[in-house]
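J.: using only what follows, build the 3D model:
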Amino acid sequence: MMKFFKKNKYILLILVLIMLKFLYLVINTLNMRKHHLVSHLDNYIPFISWMVIPYVLWYLYIWITLLYLLIKDKKLFVTHSIAVILGQTISLIIFLLYPTYVIRPEVVGNDIFSKLIILIYTNDNPVNAFPSIHVLQSVLTHMAILNIKDIKKSTKIFSYIFSTMVILSTITIKQHYVIDVVGGYLLATICAKFVYEIFYGRYKANTLDVIFSTNK
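T.: Here you go, the predicted structure:
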């Protein structure tokens, strides 16, 4: 069994990632609505329709990074994949044991951004909110990029800005509440530190000093 896993581990990890996405969709269809985690701060966050762009481009961000790691740094690919699998598995368990939901605003605009948000609302029930998977994987993907050897500073800066935009998009298009973002961020940092120190032997956190240091 171990020999089979070692020989096919890259394919198996990708299959597990796809399976977890499928399980998320299944749980989403259950449409369980029990806990509403809105905070006073959420009432002051504006609805910004154009922020749907980084929210959607997130899919390219996580999968392109995953493909790059698979080609260029297989050890980091395995480490990153295990961190994502751990974080998503914990998230799915929370979705079942502590189901949360979000109350969305009515979107009435006819612009392309509003239409895209309506499409997302239509195909994604407002559940599975805590923790945010978008935030979880944005943080983990950015951490993987920081750990790529000889990565350019410009790439690190771009990744930091884009991942931050994705995180902000989750609350400005009203897909999540602030607590969902906090939960996703904390879960990502815990999973990353645990997995990287075991499987990779080194760890760079999602911090400004790493991104803007004098190193490449």
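J.: secondary structure class of the residue sitting nearest the centre point of the chain, three-state.
T.: Nearest to the mean C-alpha position of the chain, by Cα atoms, centre = their mean, lies Gln137 at 2.3 Å. Of the three states, Gln137 takes helix under DSSP: H, G, I helix; E, B strand; the rest coil.
J.: low-confidence ranges in the protein?
T.: Residue ranges of the chain with pLDDT under 70: 1-7, 201-216.
J.: show me the helices in it, by range?
T.: Using DSSP state H, the helices of the chain run over 2-30, 52-72, 74-97, 112-123, 133-146, 153-172, 178-199, 208-211.
J.: just confirm Lys72 contacts Ile148, I think it does.
T.: Yes: contact criterion Cβ atoms under 8 Å: Lys72 and Ile148 qualify, at 7.4 Å. From N, CA and C alone the C-beta is placed, and that goes for glycine too.
J.: show me which of these two is the more surrounded one.
T.: Ile148 (19 against 11; other Cβ atoms under 10 Å).
J.: isn't the more buried one right next to Leu76, touching?
T.: Yes: with contact defined as Cβ under 8 Å, Ile148 counts as touching Leu76 (6.6 Å).
J.: which neighbours do those two share?
T.: Both Ile148 and Leu76 are contacted by Leu69, under the criterion Cβ atoms under 8 Å, 6 or more residues apart in numbering.
J.: still on that earlier bit, without its sequence neighbours, what residue ends up closest to the residue nearest to the centre of the chain?
T.: Excluding its sequence neighbours, the residue lying closest to Gln137 (Cβ to Cβ, 6 or more residues apart in numbering) is Ile62, at 5.1 Å.
J.: ok, that neighbour - how many residues close by?
T.: The number of residues packed near Ile62 is 21, by other Cβ under 10 Å.
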